[in-house]
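K.L.:
return a 3D structure for these sequence lines:
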Amino acid sequence: DIKEKLYLQLLTKREELLMNEPKIEAAAKVIDQAWPNYSPVAPKPKKAVSRGVLIGLLIPIAVIFLKRLLDTRVHYRGDVEQLTKTPFLGEIPLKENVKDHAIVVRENGRDSVSEAFRLVRSNLEYMKKPDSKGGQVVMFTSFVVASGKTFVCTNLATSFALANKRVVLVDLDIRKGTINKVFGVKPRIGVSNYLSGSVESVEELINPDLIVQNLDVVFSGPVPPNPAELLMSNRLEEMVDYLRQHYDYVFIDNVPLGIVADPENVKRVADTTLFVIRANKTDKRL
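P.N.:
Numbers count the residues shown, from 1 in each chain. Prediction:
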């Protein structure tokens, strides 16, 4: 009975709705027709690529800028010429697969290193004082150790000797001696013996024509307990004066400047001081 009443009620409601259907108005109204977007809203490839390229350029630029800002080392000759008015004699390229202090200059050599030493040789000849008596005395030094000072000194002396100049190479690094390693000898006497008075004649110190003709060598000798005091003695001036009268050039290989007092004691006998600056090693502030 309950089901019958409910069924009749729903039928009645259905008939009423069917009768009132034409009178019902739609509550929704179309304002604008929809249109499809065939390109994706996100991600946008062009924007992502341009942003990535920009970031990729800014990062290395920032790294290079900071690296150069914090780097105080000398890299090329322009760094030296910008900071000082001292005459720049030349550049020696770094030759790979060459042992330390090796002599690479060869007669009639056409490699870049031999040509570079010839250029330095020509420029150094212009540095000779016109009124100087006897040969020119050149002292080689640097600001830091391992700057290639001995390498430049020995090869430049060899280059002068190959040009028929009488050259003597004097090792005044009497604290450890480096030139004897270049020639592979262990001399019994040297500069320290003469300065101390145990050897009277300068001729006894000279080792003639060790590798090429016209190139003589004076080794440092035994390591003394008082090297600074020996270099202050008058016998150093007597030895250099003797060499000056018998050679066109006297090359003095000395220790780096500022580490010990030896360069300050030796510079009084030198006509020219040649500083060896090594790229990527020597500080610009020096």
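
K.L.:
tell me what the closest residue in space to residue 160 that isn't next to it in sequence is bridged to.
P.N.:
In this structure, residue 160 finds its nearest non-sequential neighbour in residue 167, 4.7 Å apart by Cβ to Cβ, 6 or more residues apart in numbering. For the C-beta atoms, the positions are set from N, CA and C on the backbone; glycine is no exception. Going by DSSP bridges, residue 167 is paired in beta bridges with residue 215, residue 249.

K.L.:
burial check on residue 167, number of neighbours?
P.N.:
24 (other Cβ atoms under 10 Å).

K.L.:
do you know the pLDDT at it?
P.N.:
With respect to pLDDT, residue 167 has a value of 93.

K.L.:
residues contacting stretch 193-205, please?
P.N.:
Applying Cβ atoms under 8 Å, 6 or more residues apart in numbering, the contact partners of stretch 193-205 are 174, 189-191, 218-219, 221-222, 224, 230-231, 233, 235-236, 238-239, 242-243.

K.L.:
in helices, which of the residues you listed appear?
P.N.:
Among those, DSSP state H puts 191, 230-231, 235-236, 238-239, 242-243 in helices.

K.L.:
mind listing the strands for this protein?
P.N.:
Per DSSP state E, the chain carries strands over the ranges 136-142, 167-171, 206-207, 215-218, 249-253, 272-276.

K.L.:
need these in JSON lines (columns: distance to residue 122).
P.N.:
Shown next, in JSON lines, are the strands of the chain (distance: least, Cβ to Cβ, whole Å):
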{"stretch": "strand 136-142", "distance to residue 122": "14"}
{"stretch": "strand 167-171", "distance to residue 122": "15"}
{"stretch": "strand 206-207", "distance to residue 122": "27"}
{"stretch": "strand 215-218", "distance to residue 122": "18"}
{"stretch": "strand 249-253", "distance to residue 122": "13"}
{"stretch": "strand 272-276", "distance to residue 122": "14"}
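
K.L.:
ok, which of those strands comes nearest residue 150?
P.N.:
Closest of those to residue 150 is strand 249-253, at 5.7 Å (criterion: Cβ to Cβ).

K.L.:
packing partners of the closest one?
P.N.:
Contact partners of strand 249-253 among helices and strands, from 3 or more Cβ pairs under 8 Å, 6 or more residues apart in numbering; DSSP states H and E: strand 136-142, helix 149-162, strand 167-171, helix 234-246.

K.L.:
in that strand, what's buried?
P.N.:
249-253 (16 or more other Cβ atoms under 10 Å).

K.L.:
helix 234-246 and that strand, what's the angle between them?
P.N.:
Put simply, strand 249-253 runs at 140 degrees to helix 234-246, going by axes from the mean of the first three to the mean of the last three Cα atoms, to 10 degrees.

K.L.:
just how off-centre is strand 249-253 within its chain?
P.N.:
Chain-centre distance of strand 249-253: 25 Å, with Cα atoms, centre = their mean, to the nearest Å.

K.L.:
all helices of the stretch 51-200 of the chain, in order?
P.N.:
Assigned helices in the stretch 51-200 of the chain, in chain order: 77-83, 112-126, 149-162, 179-183, 191-196 (criterion: DSSP state H, counting those that start in this stretch).

K.L.:
tabulate these (a markdown table), appending distance to residue 210 and mean pLDDT.
P.N.:
Converted to a markdown table, the helices of the stretch 51-200 of the chain look like this (distance: least, Cβ to Cβ, whole Å; pLDDT from 0 to 100):
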| stretch | distance to residue 210 | mean pLDDT |
| --- | --- | --- |
| helix 77-83 | 32 | 88 |
| helix 112-126 | 18 | 89 |
| helix 149-162 | 10 | 91 |
| helix 179-183 | 5 | 81 |
| helix 191-196 | 16 | 90 |
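
K.L.:
minimum distance to residue 103: which of those helices has it?
P.N.:
For residue 103, the closest of the helices of the stretch 51-200 of the chain is helix 149-162, at 5.5 Å, according to Cβ to Cβ.

K.L.:
dump the closest one to PDB, restricted to CA.
P.N.:
Extracted as PDB, the C-alpha positions of helix 149-162 are listed here (Å, rounded to 0.1, in the frame of the first residue of the first chain):
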ATOM      1  CA  LYS A 149     117.700  32.700 -13.700                       C
ATOM      2  CA  THR A 150     120.500  30.200 -14.100                       C
ATOM      3  CA  PHE A 151     118.900  28.900 -17.300                       C
ATOM      4  CA  VAL A 152     118.800  32.300 -18.900                       C
ATOM      5  CA  CYS A 153     122.300  33.200 -17.600                       C
ATOM      6  CA  THR A 154     124.000  30.100 -19.000                       C
ATOM      7  CA  ASN A 155     122.200  30.100 -22.300                       C
ATOM      8  CA  LEU A 156     122.700  33.800 -22.900                       C
ATOM      9  CA  ALA A 157     126.400  33.400 -22.100                       C
ATOM     10  CA  THR A 158     126.500  30.500 -24.700                       C
ATOM     11  CA  SER A 159     124.800  32.700 -27.200                       C
ATOM     12  CA  PHE A 160     127.400  35.400 -26.800                       C
ATOM     13  CA  ALA A 161     130.200  32.800 -27.000                       C
ATOM     14  CA  LEU A 162     128.800  31.500 -30.300                       C
END
